[in-house]
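**Q** Provide a 3D model corresponding to the input given below.
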Amino acid sequence: MEMLFLLMVIPGKVNFTQMGRYGKRGEQCYRQTTERSVDWLEMNMRLSAYAFKKGTRRNAIAIDPSFIKKSGKCSPYMGSFWSGCAGAVKRGFEILGIGVVDVDLHECMMLKAVQTTLDKDKENNDMSLYDRYVKVLSNNKQILQRITSVLVADSAFSKKPFIDNMLGIGFNVISRLRHDAALYYLWDGEPTGKPGRPRVKGEKIDFKNIDKSKVAILNTDKSNEQVYALKAWCKSLH
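**A** I've put the predicted structure just below:
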């Protein structure tokens, strides 16, 4: 606990020498303390339960990779990752941030950050970047699903392999699709009686001219807006 306070109050660069200068213990004590294993996920989950106790428990697990700029060549796990701020691929570090969202309080609290590793061994050689994200969530699914099984991610995660893996380990994914996603109405016609696979999709959806006979209108608190719900067939997700 003392080290957590020191991380927040020490001005400038934070290292073990600085902790020994500002803290109550010696530098070697802080070095040995960091070698111990700490279950950060469990601790942050308890803190989130205390922070969100005023909400109605409408929670979701949120994930988002973050790029960390880093120069040099000797740091482990350096690689080329997408930087959303720069809008380009940059060289540095990446962490997968896992947080819990309280819908009613409009707040999010970080639960865990896992650094993306790019080991090239026999076991991980064929793993893609999204396979590594799946592995992190799979390793922590039992603890995370104590909160909820709803997982929120941005459009970068709306890919069939990732969605299928999340459904396989018990998460229901809420995301948005890419701007060029192809959506089709579900086929509601009569069977033709001809041999072959039954038809599953109808006409392609034109978002500027939606067939309102196929959508459901949801009630909202505002009288001047209309919200539509539609179960559609997505080409990229099959």
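
**Q** what stretches of the protein score poorly on pLDDT?
**A** 54-55, 119-125 (pLDDT under 70).

**Q** check contacts around L41.
**A** 98, 111-112, 140, 143-144 (C-beta atoms under 8 Å, 6 or more residues apart in numbering). (Glycine included, C-beta is placed from N, CA and C.)

**Q** what is the most widely separated pair among the residues you listed?
**A** I98 and I143 (10.2 Å; C-beta to C-beta).

**Q** so the two - more neighbours on which side?
**A** Between I98 and I143, I98 has the larger neighbour count (other C-beta atoms under 10 Å), namely 22 against 14.

**Q** I figured the more buried one hits M110, correct?
**A** Yes - using C-beta atoms under 8 Å, I98 is in contact with M110, at 7.5 Å.

**Q** host element of the most centrally placed residue in the chain?
**A** By C-alpha atoms, centre = their mean, the mean C-alpha position of the chain lies nearest to I63, the distance being 1.6 Å. Remark: I63 resides in strand 59-69, with elements defined by DSSP states H and E.

**Q** now do the buried residues in that strand.
**A** Counting neighbours by 16 or more other C-beta atoms under 10 Å, one finds that the buried residues in strand 59-69 are 59-65, 67.

**Q** summarise which helices and strands that strand is packed against.
**A** strand 79-83, strand 88-102, strand 107-115, helix 129-139, strand 150-152 (3 or more C-beta pairs under 8 Å, 6 or more residues apart in numbering; DSSP states H and E).

**Q** other residues contacting the fourth one?
**A** Meaning helix 129-139. Contact with helix 129-139 is made by 63, 65, 96, 98, 114, 116-117, 124, 127, 144, 151, 157, 159, 161-162, 165-166, 169, 171, as judged by C-beta under 8 Å, 6+ apart.
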